[in-house]
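J.: here is my input; please provide its structure:
(chains A and B)
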There are 2 protein chains.
Amino acid sequence: MTSAFQFTLHQQAGAARLSTLTTPHGLLDLPAFAPVGTLANVKTLEPRDLHEAGCQLILANTYHLYLRPGHQLVEQLGGLHGFMGWSGPLLTDSGGFQVFSLAHQRKLDDDGVTFRSHIDGSLHRFTPESVMAIEQALGPDIAMVLDECAEPLNYAYLQSALSRTHRWAERCKAAHTRPDQALFGIVQGGIYPDLRQQSAEFLIALDFPGYAIGGLAVGETKEQMYSTLDVTCPLLPAHKPRYLMGVGAPEDIVEAVYRGIDFFDCVLPTRLARNGALLTPDGRINMRGAQYAADPRPVQEDCGCYTCRTFSRAYLRHLYKAGEISALRFGTIHNVWFMQMLMRQIRAAIASHTFDDFRRTFLRRYQIADQTARHQQRERFVAARQAKP
Amino acid sequence: MTSAFQFTLHQQAGAARLSTLTTPHGLLDLPAFAPVGTLANVKTLEPRDLHEAGCQLILANTYHLYLRPGHQLVEQLGGLHGFMGWSGPLLTDSGGFQVFSLAHQRKLDDDGVTFRSHIDGSLHRFTPESVMAIEQALGPDIAMVLDECAEPLNYAYLQSALSRTHRWAERCKAAHTRPDQALFGIVQGGIYPDLRQQSAEFLIALDFPGYAIGGLAVGETKEQMYSTLDVTCPLLPAHKPRYLMGVGAPEDIVEAVYRGIDFFDCVLPTRLARNGALLTPDGRINMRGAQYAADPRPVQEDCGCYTCRTFSRAYLRHLYKAGEISALRFGTIHNVWFMQMLMRQIRAAIASHTFDDFRRTFLRRYQIADQTARHQQRERFVAARQAKP
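T.: Numbers count the residues shown, from 1 in each chain, chains lettered A, B, ... in the order given. Alright, predicted model coming up:
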């Protein structure tokens, strides 16, 4: 890591860490949550919305941008920062996850992976070297090594995938040359402590400037996710940032920070918003619900987001029910704000030595209310079905 | 019209008028263009976007809001202003146009019109009295009388429609009681000077505080529209505002101001944006065009809108091609800004006695370039079809 990147640990509360990471495009206050801008845009939002919410880091997807508009075009137009008009820190994944979850007819070999585009069926190949070329052309502050995100509960397969992922990590490191970009390693190994240990040790020996934990939130239970973090976080060097990929449920973020994770990315908060599910300290609310038809209150009483400052639940429900595009935007503005406020509260709690209290209080209120809301929703659904002739 | 409404004519350049209209929710600088917020939202935008672009007047559709969420609900939530978070002047149409263009199985009689909702087929009835109740519940600053928007080239039918429209206008005026709402009459009569004269005389005798010209831009040629304005505008009282309904093409606005119109509404600029057609002084450009794939310039070099200040044509094309929701928003932000800038330029030109020059220069640049662009587009389309095996 060049001097542009500086990771500073300010305070710990148990395993939870308050820290900062400087990047060529500015500082990150950690723990942090990065919204996802798949195609170089956080759906329905623009850079000023993200700044207003206090977002410091945005993730964009290498697989998607490689397919369209193409990394050479993005590079020609000033890299991702210039292309999407975002002046703050950026991160790209390696495309590995999308190749294994989205692409068609993928064929994996030790050298790389061949696949067909999910858009037009065209044939493509990713190798560690080609992915490094793509990520260096895209030009985010943080790039990720190419890895294989294998099914987290298949020990035998994970073992063989792990040795391939490790050789790919070595080749990525060798191929990566941009001094203004930090290349992070990705610890894999599913839910198995011995595989996680093997992976962490191998990657630590390669001396990456930061480490991600991959392969979680892809099919295992929450308990398995948390216990995997329990064993994996202590294996990682204390003086380097730790990134939990693809995790964005509020309760998971609180639990992962508690176990020593520094930052996160996930489509969940923005995707939920487009589905009409809005986040509050009392759990998710389904904005299409009939109970909000005449509700003059904002989504969340004490929220400072533009949506809550301006619109009632009744208005938002009207827009969602009528299929108005603005509903998706107004919901996204709120959920993105909610996540940044959660991270702000987490940081403040660590700073003031009250993180354990915060965690207990937050989880009790969020999860109990959330379960109650979902239960009530199910009840109403059942009642509505039974009421039909 | 109560004292809350004050129309002041500041200057004339030929028939073109620079004026202001005060309303209970603020002042309108005229000539003005009102974007359309069909369902109490200008699609993809929020109130702060409209303020930023300098919009002073927004139109919402009575037919749509009556069907959902219902005018009683809107009234209960603070009227349209409170419901949609717009503190400036608002206007609602009477729903007549939508009943005759959108609704199913309409049955017209002298008392009113019965129709089925285009959403769920449910049965409804509009009369002059019911529409006045709806518009008074919605609570815009300017409301419109119920009229019949008949096919503009059918003289015999127009004649019978006109007498019904006139009786409805009388009944609307009798039923309208809100002192903080101005009820405008609508002059109909298609493209026929004698019918327009008959309609104008009848409505002027009813002494409405303002007059709209309806039934244009619905099937006649541009020349027929302009010649109808030539005969109709001089019939209207000089000391009252004149509103041309449903007209929003830049060239039509310049031509209508030239003939004495004070304000306009139309879905065109916002709908075009959602289709990828962006307005510039050199005509429309189709943002999906391959020629913009690597174009680093903004949509319009000298434009101050957020989109032009932040994004390249290449980025916008990428978002449109990828089907990103943000493309629709970024395009709408630009087109709404373009229209407000056009109105600002029109007002400045009238104020500085240069409107004739402005009109000539604007129309030459906009229309010639637009025709060239459309011609080139057609040529490319034909070439592409011929190139296919």
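
J.: got phi/psi on A:L50?
T.: When read as degrees, to the nearest 10, the backbone of A:L50 gives phi -70, psi -40.

J.: actually, A:L27.
T.: Dihedral pair for A:L27: phi -90, psi 150, per degrees, to the nearest 10.

J.: ok, now the one 3 residues further on?
T.: Recorded main-chain torsions at A:L30 are phi -110, psi 150, according to degrees, to the nearest 10.

J.: that one touches A:F263, doesn't it?
T.: Yes. The criterion here is C-beta atoms under 8 Å, and A:L30 meets it with A:F263 at 5.6 Å. Any C-beta I mention is one placed from the backbone N, CA and C, and that applies to glycine too.

J.: what is in contact with those two at once?
T.: A:P241 (C-beta atoms under 8 Å, 6 or more residues apart in numbering or on different chains).

J.: who in the stretch 151-300 of chain A is up against chain B?
T.: By C-beta under 8 Å from any C-beta of the partner chain, the residues of the stretch 151-300 of chain A that approach chain B are A:A293, A:A294, A:P296.

J.: just the closest of those residues to B:L216, please.
T.: A:A293 (38.0 Å; C-beta to C-beta).

J.: the closest one: neighbouring residues, count only.
T.: 15 (other C-beta atoms under 10 Å in any protein chain shown).

J.: who's in contact with the residue lying closest to A:L268 once chain neighbours are set aside?
T.: Excluding the flanking residues, the one nearest A:L268 by C-beta to C-beta, 6 or more residues apart in numbering or on different chains is A:G248, at 3.8 Å. A:G248 is in contact with A:F33, A:F264, A:D265, A:C266, A:V267, A:L268, A:P269, A:M339, counting by C-beta under 8 Å, 6+ apart.

J.: show me chain A divided up by domain.
T.: Domain ranges of chain A: A:6-272, A:276-387, per automatic domain parsing.

J.: what's the most buried one of those?
T.: domain A:6-272 (a mean of 20; mean count of other C-beta atoms under 10 Å in any protein chain shown).

J.: just the terminal-to-terminal distance for that one.
T.: 34 Å (C-alpha to C-alpha, to the nearest Å).

J.: what is the distance between it and the centre of its chain?
T.: Domain A:6-272 sits 8 Å away from the centroid of its parent chain (C-alpha atoms, centre = their mean, to the nearest Å).

J.: likewise for stretch A:343-360?
T.: On C-alpha atoms, centre = their mean, the centre of stretch A:343-360 falls 20 Å from that of its chain.

J.: cool, stretch A:352-365 as well?
T.: For stretch A:352-365, the distance from its own C-alpha centre to the chain's C-alpha centre is 22 Å (C-alpha atoms, centre = their mean).

J.: the closest residue to chain B within the stretch 101-250 of chain A and A:L80, how far apart?
T.: Per C-beta to the nearest C-beta, A:I119 is where the stretch 101-250 of chain A lies closest to chain B, at 9.0 Å. Distance, A:I119 to A:L80, using C-beta to C-beta, to the nearest Å: 20 Å.

J.: again, but for A:Q159
T.: For A:Q159, the distance to A:L80 - C-beta to C-beta - is 35 Å.

J.: dump the residue contacts of the spatially most central residue of chain A.
T.: By C-alpha atoms, centre = their mean, the mean C-alpha position of chain A lies nearest to A:D265, the distance being 1.4 Å. Neighbour list for A:D265: A:F33, A:A34, A:P35, A:V36, A:L57, A:L59, A:L91, A:D93, A:Y243, A:M245, A:G246, A:G248 [criterion: C-beta under 8 Å, 6+ apart].

J.: then A:Q181?
T.: By C-beta under 8 Å, 6+ apart, the neighbours of A:Q181 are A:E135, A:Q136, A:G139, A:P140, A:D141, A:I142, A:A143.

J.: in the stretch 251-389 of chain A, what residue spans correspond to strands?
T.: Secondary structure of the stretch 251-389 of chain A by DSSP state E, counting those that start in this stretch: the strands cover A:263-265, A:277-280, A:283-286.

J.: okay if I get the ones you listed as JSON lines plus mean pLDDT?
T.: Formatted as JSON lines, the strands of the stretch 251-389 of chain A follow (pLDDT from 0 to 100):
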{"stretch": "strand A:263-265", "mean pLDDT": "98"}
{"stretch": "strand A:277-280", "mean pLDDT": "98"}
{"stretch": "strand A:283-286", "mean pLDDT": "95"}
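
J.: for these, could you give me a markdown table that also reports distance to A:V131?
T.: Formatted as a markdown table, the strands of the stretch 251-389 of chain A follow (distance: least, C-beta to C-beta, whole Å):
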| stretch | distance to A:V131 |
| --- | --- |
| strand A:263-265 | 18 |
| strand A:277-280 | 33 |
| strand A:283-286 | 35 |
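
J.: which of these sits closest to B:Q72?
T.: So among those, strand A:283-286 is nearest, using C-beta to C-beta, at 23.9 Å.

J.: so what are the sheet partners of the closest one and their directions?
T.: Counting by DSSP bridges, the strands paired with strand A:283-286 are strand A:277-280 (antiparallel).

J.: once you drop chain neighbours, what's closest to A:D141?
T.: Per C-beta to C-beta, 6+ apart, closest to A:D141 is A:T23, 3.9 Å.

J.: what of A:G331?
T.: A:G331's closest residue in space is A:A273 (C-beta to C-beta, 6+ apart), at 3.6 Å.

J.: burial of that neighbour, as a residue count?
T.: 26.

J.: for it, give its distance to chain B.
T.: From A:A273 across to chain B, the span is 11 Å (C-beta to the nearest C-beta, to the nearest Å).

J.: which residues touch that residue?
T.: A:T44, A:L328, A:G331, A:T332, A:H334, A:N335, A:V336.

J.: and those, which is closest to chain B?
T.: Nearest member of the contacts of A:A273 to chain B, counting by C-beta to the nearest C-beta, is A:T44, at 5.0 Å.

J.: now for the nearest residue in space to the closest one that is not next to it in sequence: which residues touch it?
T.: In this structure, A:T44 finds its nearest non-sequential neighbour in A:R329, 4.0 Å apart by C-beta to C-beta, 6+ apart. Each residue near A:R329 by C-beta under 8 Å, 6+ apart is listed here: A:T44, A:L45, B:T44, B:E46, B:I325, B:R329.

J.: what's the answer for A:G54, then?
T.: The contact partners of A:G54, by C-beta under 8 Å, 6+ apart, come to A:Q340, A:R344.

J.: quick one: it and chain B, what's the gap?
T.: In terms of C-beta to the nearest C-beta, A:G54 sits 18 Å off from chain B.

J.: likewise for A:A351?
T.: 33 Å.

J.: follow-up on the earlier one: farthest pair within the contacts of A:R329?
T.: Among the contacts of A:R329, B:E46 and B:I325 lie farthest apart (C-beta to C-beta), at 14.1 Å.

J.: ok, A:L59 - contacts?
T.: A:A34, A:P35, A:V36, A:G37, A:L90, A:L91, A:T92, A:D93, A:D265.

J.: and which of the contacts of A:R329 is nearest to A:E255?
T.: A:L45 (26.9 Å).

J.: can you list the residues of the stretch 1-150 of chain A near chain B?
T.: Contact residues (C-beta under 8 Å from any C-beta) of the stretch 1-150 of chain A with chain B: A:39-41, A:43-48, A:68-69, A:73, A:76-78, A:83-85.
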